[in-house]
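Peer 1: next input, structure requested:
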Amino acid sequence: MKNKLELCSGNNPRELEGYENYCVDLIKKYDKNYFQVNLGFQDLPFKDNFFDYIQCIDGLEHVPRTMWENIEGDYIRKLPFVHLMNEIYRVSKHESIFYIETPGSDQAFHRDITHCNYLSHDWYEYFKKEDNLYFEQSLIKTN
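Peer 2: From the prediction side, this is the model:
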């Protein structure tokens with residue numbers, strides 16, 4: 001059987017027939033395939049190359065791009081969105097599908113005060129290996 005992961009599923013997971021369905025969200029729910037994860041700040045609790053299909057509907061815009069953490073007086077830059085994308089890549093099988101939906105207009109994005117990550121129509125280009133400075137800096141591990 002194939003495995004499907006839904007990110008930011010909330011209380012309304014969308015199961016896909018023919019798949020073993022797994023969900024992650026901030027909300028704690030008692031189900032064998034439901035995991036509480038702070039996306040971008042925690043690793044996904046799955047082994048490498050596990051999922052055939054990953055979806056995130058109305059979720060990526062809630063994951064911050066950059067944050068600063070004070071650790072013993074030193075400010076350390078954190079990249080939660082990059083961390084999440086690296087984790088998605090890690091748990092995805094080769095040639096898996098990553099399906100996302102995010103707000104499609106400025107109005108839809110700005111209407112929700114919890115939106116903090118506006119994704120342009122070509123945002124994913126920065127996660128490709130070819131000609132990308134971020135790979136040389138070892139920030140991005142996806143392709």
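
Peer 1: state the distance spanning the first to the last residue of stretch 23-32.
Peer 2: 10 Å (Cα to Cα, to the nearest Å).

Peer 1: list the buried residues for it?
Peer 2: Of all the residues in stretch 23-32, those buried under the rule 16 or more other Cβ atoms under 10 Å are Cys23, Val24, Asp25. For glycine as for every other residue, the C-beta is placed from the backbone atoms N, C-alpha and C.

Peer 1: next helix or strand past the helix ranked longest in the chain?
Peer 2: Counting by DSSP state H, the longest helix found in the chain is helix 80-91. Using DSSP states H and E, the helix or strand that follows helix 80-91 in sequence is strand 92-101.

Peer 1: that next one pairs with which strands?
Peer 2: Taking DSSP bridges as the criterion, strand 92-101 forms sheet pairs with strand 51-57 (parallel).

Peer 1: after the partner strand comes which helix or strand?
Peer 2: Next element after strand 51-57 (DSSP H and E): strand 67-71.

Peer 1: by contact count, what packs against that following strand?
Peer 2: Helices and strands touching strand 67-71, by 3 or more Cβ pairs under 8 Å, 6 or more residues apart in numbering; DSSP states H and E, are strand 74-78.

Peer 1: avg pLDDT for the strand it packs on?
Peer 2: Strand 74-78 comes out with an average pLDDT of 92.

Peer 1: quick one: it to strand 67-71, angle?
Peer 2: Relative orientation of strand 74-78 versus strand 67-71 (axes from the mean of the first three to the mean of the last three Cα atoms, to 10 degrees): 150 degrees.

Peer 1: give me the residues contacting strand 74-78.
Peer 2: Phe41, Thr66, Met67, Trp68, Glu69, Asn70 (Cβ atoms under 8 Å, 6 or more residues apart in numbering).

Peer 1: sort out which of these are buried, if you could.
Peer 2: By 16+ other Cβ under 10 Å, the contacts of strand 74-78 give no buried members at all.

Peer 1: tell me the contacts of the residue nearest the centre of the chain?
Peer 2: Central residue check for the chain by Cα atoms, centre = their mean: the C-alpha nearest the mean position is that of Leu84, 4.3 Å away. Leu84 makes contacts with Leu39, Gly40, Leu60, Val63, as judged by Cβ under 8 Å, 6+ apart.
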